[in-house]
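Trainee: sequence and predicted structure, then a few things I'm wondering about:
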Amino acid sequence: MILSQSGFHAEAVYDGNSAIERAQEWKPDILLCDVIMPGINGIDVAIQISSLIPGCRILLLSGRAGVNDLMREAREQGHQFDLLVKPVYPGDLISLLRSDI
């Protein structure tokens with residue numbers, strides 16, 4: 001809702017598999033994805049979507065320290081994703097998204 005009110009066309013899904021399916025149809029410019037979620041984790045979602053849509057900017061969100069190991073493994077496989085630490089304040093997120101438009 002915050003993204004839509006700020007002029008972005010945003011759509012929400014609630015698990016990793018749905019994110020991958022929707023991204024294949026929609027071809028988003030930016031993906032905001034929690035790392036820890038039901039089913040497939042957000043890093044694996046990011047890897048799959050970045051291979052399907054190479055130009056998609058990916059921002060991962062997490063409030064858990066244990067995510068560092070998952071991020072390291074992704075980097076070792078050649079994937080580099082931005083990680084935002086929760087809580088993410090709406091104004092900061094909007095500024096970050098607009099900084100690279």
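Mentor: Received it, and whenever you're ready, just let me know what you need.
Trainee: hey, let's count contacts and neighbours off CA atoms from now on
Mentor: Fine.
Trainee: and the strands in this protein?
Mentor: 30-34, 57-62, 82-85 (DSSP state E).
Trainee: so which of these gets nearest Glu76?
Mentor: Proximity to Glu76 (Cα to Cα) singles out strand 82-85 among these, at 14.9 Å.
Trainee: packing partners for the closest one?
Mentor: strand 57-62 (3 or more Cα pairs under 8 Å, 6 or more residues apart in numbering; DSSP states H and E).
Trainee: chain center to the strand it packs on: distance?
Mentor: 3 Å (Cα atoms, centre = their mean, to the nearest Å).
Trainee: sheet-wise, list the partners of that strand with their directions.
Mentor: Here strand 57-62 has these sheet partners by DSSP bridges: strand 30-34 (parallel), strand 82-85 (parallel).
Trainee: how about the helices in this structure?
Mentor: Remark: helices assigned in the chain by DSSP state H are 2-5, 16-26, 42-52, 67-76, 90-99.
Trainee: of all those, which one is nearest Val35?
Mentor: Closest among the helices of the chain, using Cα to Cα: helix 42-52, at 3.9 Å.
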